[in-house]
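Asker: how would this look folded up:
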Amino acid sequence: MLVAAAVCPCPPLLVPEVAAGAAPELDAARDACADALGVLAASRPDLLVVVGPAGPDRRGPHPQGARGSFGGFGVDLEVRLGEDAHSAGDDAPDATTGSAAGALPDSLAVGAWLLGRTEWADIPVAGLGVGDTLEAARCAEAGREMARRADRVALLVMGDGSACRTLKAPGYLDERAEGFDAGAARALGTADTDALLALDEDLAYALKASGRAPWQVLAGAAEGTDLGGQLLYEDAPYGVGYFVACWS
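Answerer: Sure thing, here's the model as predicted:
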């Protein structure tokens, strides 16, 4: 059963070593992420699963101990999913989009970096990379399966809003972006699972909103619970919507 969740953005720039001189620009987001992860730790989960967007070759389950790197961003920094190098084995979520191979996708690497800043004792950790075209119904089913994997499950959900908020945004300016992000922020801040599942898949894809599928996995996992939500951070630096929320 899902007992808590944290929603965080997943730009590699969240890692100060990657952001370098621009690191202070995301200090408020980092602080909010730390607060959200504190809620996860306080929930005392039996299993923690990190969920985030992934490309075709990194989708599916990633076991505890899986490694990620920020070498592609010019930084000699490696991270590991969970403190121990052993495989999470039976605690890893079922694959819904194929078998994961190789290193962690960037979103899970950022999640692993965030986890490394928090004390987690001996809690098993696993990861799941989901594709940005995975249908809402399959996302929700993946979440339901995840919530059944232990008596007390916590999720760290990585993903960004629209990348089309300004002219200089990665996806250029799209007038639909602000409304999409406002709706997503509202749903995340109020733990509104119905609103998350109703997010338009085609629009999210057009707006390059990488968080849509992971958020809908969260919505499926939270079905049947009475979790409440709180929005801790909402902004669009670099023209990309970033949200931090906690559910407990």
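
Asker: which ones are touching residue 189?
Answerer: By C-beta atoms under 8 Å, 6 or more residues apart in numbering, residue 189 lies in contact with 229, 230, 231, 234, 245. Every residue, glycine included, has its C-beta placed from N, CA and C.

Asker: longest helix anywhere in this protein?
Answerer: Longest helix in the chain by number of residues, with DSSP state H as the criterion: helix 27-42.

Asker: buried residues in that one?
Answerer: 29, 30, 32, 33, 34, 36, 37, 39, 40, 41 (16 or more other C-beta atoms under 10 Å).

Asker: so which strand or helix has the residue of the chain most remote from its centre?
Answerer: Outermost residue of the chain with respect to the C-alpha centroid, by C-alpha atoms, centre = their mean, is residue 167; its distance is 25.7 Å. Secondary structure assignment for residue 167, by DSSP states H and E: no helix or strand.

Asker: I'd like the numbering to begin with 389 instead of 1 from here.
Answerer: Right, with 389 as the first residue, what we last looked at is residue 555.

Asker: isn't it up against residue 562?
Answerer: No. Taking C-beta atoms under 8 Å as the definition, residue 555 is not a contact partner of residue 562, at 10.4 Å.

Asker: contact partners for the most centrally placed residue in the chain?
Answerer: Nearest to the mean C-alpha position of the chain, by C-alpha atoms, centre = their mean, lies residue 546 at 1.2 Å. Counting by C-beta under 8 Å, 6+ apart, residue 546 touches 396-398, 438-441, 495-496, 498-499, 599, 602.

Asker: who's it bridged to?
Answerer: For residue 546, the beta-bridge partners are residue 396 (DSSP bridges).

Asker: in this structure, which spans are helices?
Answerer: In the chain, the helices defined using DSSP H lie at 404-407, 415-430, 494-503, 524-535, 565-578, 581-585, 589-594, 600-609.

Asker: okay, the angle between the last one and helix 494-503?
Answerer: Looking back up the chat, that one is helix 600-609. Between helix 600-609 and helix 494-503, the angle comes out at 60 degrees (axes from the mean of the first three to the mean of the last three C-alpha atoms, to 10 degrees).

Asker: next: the fifth one.
Answerer: In this structure, helix 565-578 runs at an angle of 40 degrees to helix 494-503, with the same axes, to 10 degrees as the basis.

Asker: coming back round to it: can I get the contacts of residue 546 in TSV with pLDDT, neighbour count and distance to residue 585?
Answerer: Below are the contacts of residue 546 laid out as TSV (pLDDT from 0 to 100; neighbours: other C-beta atoms under 10 Å; distance: C-beta to C-beta, whole Å):
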residue	pLDDT	neighbour count	distance to residue 585
396	98	31	20
397	98	26	21
398	98	24	21
438	98	30	21
439	98	31	15
440	98	30	18
441	98	25	17
495	98	31	20
496	98	29	23
498	98	27	25
499	98	30	22
599	98	31	14
602	98	31	13
